[in-house]
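Asker: Pasted the sequence and its predicted model underneath.
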Amino acid sequence: AQKVTQAQTEISVVEKEDVTLDCVYETRDTTYYLFWYKQPPSGELVFLIRRNSFDEQNEISGRYSWNFQKSTSSFNFTITASQVVDSAVYFCALSEESGYSTLTFGKGTMLLVSP
Amino acid sequence: EADIYQTPRYLVIGTGKKITLECSQTMGHDKMYWYQQDPGMELHLIHYSYGVNSTEKGDLSSESTVSRIRTEHFPLTLESARPSHTSQYLCASSGEGLKLEQYFGPGTRLTVT
């Protein structure tokens, strides 16, 4: 069965610091998909990125970057020069090809960015 | 930007009442999902649907029921609300093929007194 572990329950940083959110996953499928979502205080989950198991290229989008390493089953998320608006709960999720599109979420990491 | 709507956003109701949480999407997505999110943040899949007349139970056992009579509509019903049903309920939908990312509605925060 698939599993996603986000070991960091809560992280506090000061604005402009870089921060990395860890995500470790377990799956028996060779084809799978990884996701990151952001949940701001308003409550709605916002899709950030999807990564396929056959594409290990890292990705950068503005201040956000993602490091996918199959060798360590990790899909870490880094925010560079954090801002107060980055304060939210961040979820990592996994979808297996055999799982008919259902997502398994990690327990989430709450990021608090103070001015 | 996703077009998925949930009503009501907040609901406070007494024990024993029947309630229906509404979820609608205008993206033509076949797949829809309901999640329950506890105060500890963890998300649990309680129901999903692959299309009209298709419904499945998720990983977390739930006393709620769902129906999918129209593609765009996926309501969740609790026949007799209890305080243990107090939670945030999130609806989501996803498209076909490799478009596996789910788009979420704003959620319904339910409190049963």
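Answerer: Looks like it arrived, so ask away.
Asker: Tell me who's in contact with residue 80.
Answerer: All of this refers to chain A. Residues near residue A:80 by C-beta atoms under 8 Å, 6 or more residues apart in numbering or on different chains: A:18, A:63-65. Where you see a C-beta, it was placed from the backbone N, CA and C, and this is true even at glycine.
Asker: You answered for a different chain; I wanted chain B.
Answerer: B:15-18.
Asker: Report the next helix or strand after the helix or strand hosting residue B:50 in sequence order.
Answerer: For residue B:50, the host element (DSSP states H and E) is strand B:43-51. Using DSSP H and E, the next helix or strand after strand B:43-51 towards the C-terminus is strand B:54-57.
Asker: For the residue nearest the centre of chain B, report the pLDDT, please.
Answerer: The residue lying closest to the centre of chain B (C-alpha atoms, centre = their mean) is residue B:34, at 3.2 Å. Listed pLDDT for residue B:34 reads 96.
Asker: what about it, is that helix, strand or coil?
Answerer: strand (DSSP: H, G, I helix; E, B strand; the rest coil).
Asker: Could you report the neighbour count for the nearest residue to it once chain neighbours are set aside?
Answerer: Nearest residue to residue B:34, sequence neighbours excluded (C-beta to C-beta, 6 or more residues apart in numbering or on different chains): residue B:47, at 4.4 Å. Close neighbours of residue B:47, defined as other C-beta atoms under 10 Å in any protein chain shown, add up to 23.
Asker: so residue B:32 touches residue B:90, yeah?
Answerer: No - counting by C-beta atoms under 8 Å, residue B:90 is not a contact partner of residue B:32; they are 11.4 Å apart.
Asker: Work out the gap between the helix or strand harbouring residue A:111 and the centre of the chain.
Answerer: Using DSSP H and E, residue A:111 sits within strand A:109-114. Averaging C-alpha positions (C-alpha atoms, centre = their mean, to the nearest Å) puts strand A:109-114 14 Å from its chain's average.
Asker: and it, what does it pack onto?
Answerer: strand A:10-14, strand A:19-21, strand A:88-96 (3 or more C-beta pairs under 8 Å, 6 or more residues apart in numbering or on different chains; DSSP states H and E).
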